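Student: requesting a structural model of the entry that follows:
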Amino acid sequence: MTDKPNFVLVPDDDAGVSPGGPVARVSGGGMLARLRSVATAVTAAADAASALLAVRHAEPPVEVVTPKRPRLVFAVDATASREPAWAAARRVTDALVKALPGELDVALAVHGGGRVHTFTGFTNDANTLRDRAAGVECISGHTRLLPILSASGKQAGVRVVVYVGDVFEESVSQGRRLADAMGVAGTKLIVLHDTADPAARRDAEVFWDLAKRTGGCVLPFDASAPGRLRDILSAVAVYAVGGEKLLRERRHELPGAVALLENLGKRG
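Tutor: Numbering: from 1, shown residues only. As a prediction, this is how the structure comes out:
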């Protein structure tokens, strides 16, 4: 097991330059003007391609052996506006592996600055997970949930992807395709939706659509209540290991289990 990530290109659906853009707008000016427009279009396309190649997303190495324990990916939107939420989440990451010691492996995936800059190897060591989380800082940029879902789908044994975020700024159609594939593979998406910013509420429907396609759900996230977040993550860890059956068996000792079970039932 290693925490050293690989870096691979995960292109977005809607990246690139419209092929007819600058050339199609040329309405006159002679042959020289047209040649200049063509050159401008070629340069713009090359610049766009270079920018796309520069966006490389971190992924853990894909293992060929079947993992001994179930796996969970804890993914976080750590863009600049998310500092209070990330600070709260960072303090309780160890709840995922402490709920069932030695029975679940967790990887930490974080996007910021327009790319997935952190995707650790899987571990069941609470100290390792906490230390890696402590070293992550928020960076401004668009959301990049979809590369995390894509990378998670390549890993054997991932039963749950937990995502803490507020807005969705990517291709909805690509997100649906990835969510459908996750549903077929039996990997659930559980979104902890932070709506502290009223603008984030417009994306609640998108998150619910993606989560339901996997058999998962959306739960509220409150950065001012880290204890409640710890309870939810502990319940999610139990769910990742033993599904709804184990979660129901332990609901009396897990404060977050009831809320998780209720929301998992909202699949209509």
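
Student: which residues touch the residue nearest to Asp209 when sequence neighbours are not counted?
Tutor: Closest residue in space to Asp209, ignoring its immediate chain neighbours: Arg176 at 7.1 Å, by Cβ to Cβ, 6 or more residues apart in numbering. (Glycine included, C-beta is placed from N, CA and C.) Contact partners of Arg176, counting by Cβ atoms under 8 Å, 6 or more residues apart in numbering, are Asp209, Leu210, Arg213.

Student: Met182 in helix, strand or coil?
Tutor: For Met182, the secondary structure call by DSSP: H, G, I helix; E, B strand; the rest coil comes out as helix.

Student: all further residue positions should be reported with the first residue as 211.
Tutor: Fine by me, first position is 211 from now on; the one you just mentioned is Met392.

Student: ok, it - contacts?
Tutor: The contact partners of Met392, taken as Cβ under 8 Å, 6+ apart, are Leu359, Ser362, Gly363, Val371, Lys398, Leu399, Arg423, Thr424.

Student: now, of these, which are buried?
Tutor: Leu359, Ser362, Val371, Lys398, Leu399, Arg423, Thr424 (16 or more other Cβ atoms under 10 Å).

Student: wasn't the third one part of a helix?
Tutor: So the one you mean is Val371. No. Counting by three-state DSSP, Val371 falls outside a helix, being strand.

Student: so it is in contact with Gly396, correct?
Tutor: No. Using Cβ atoms under 8 Å, Val371 is not in contact with Gly396, being 11.9 Å away.

Student: related to what we said a few turns ago, tell me how far the residue nearest to Asp419 lies from Ala366.
Tutor: From Arg386 across to Ala366, the span is 23 Å (Cβ to Cβ, to the nearest Å).

Student: in the stretch 211-360 of the chain, which spans are strands?
Tutor: For the stretch 211-360 of the chain, the strands defined by DSSP state E, counting those that start in this stretch cover 216-218, 267-269, 281-287, 315-322, 325-329.

Student: check Glu347 and give its pLDDT.
Tutor: pLDDT for Glu347: 88.

Student: tell me who's in contact with the residue lying closest to Ala410 once chain neighbours are set aside.
Tutor: In this structure, Ala410 finds its nearest non-sequential neighbour in Asp376, 3.8 Å apart by Cβ to Cβ, 6+ apart. By Cβ under 8 Å, 6+ apart, Asp376 lies in contact with Asp287, Ser291, Arg292, Ala295, His403, Asp404, Thr405, Ala406, Asp407, Ala410, Asp413.

Student: is it true that Glu380 touches Leu355?
Tutor: Yes. With contacts counted by Cβ under 8 Å, Glu380 reaches Leu355, the gap being 6.4 Å.

Student: so between the two, which is more surrounded?
Tutor: Neighbours per residue, other Cβ atoms under 10 Å: of Glu380 and Leu355, the larger number sits with Leu355, 25 against 20.

Student: how near is that one to Leu420?
Tutor: 8 Å.

Student: now for those two: what residues contact both?
Tutor: Gly385.

Student: looking at the buried ones among the contacts of Met392, which are in strands?
Tutor: Residues of these located in strands (DSSP state E): Val371, Lys398, Leu399.
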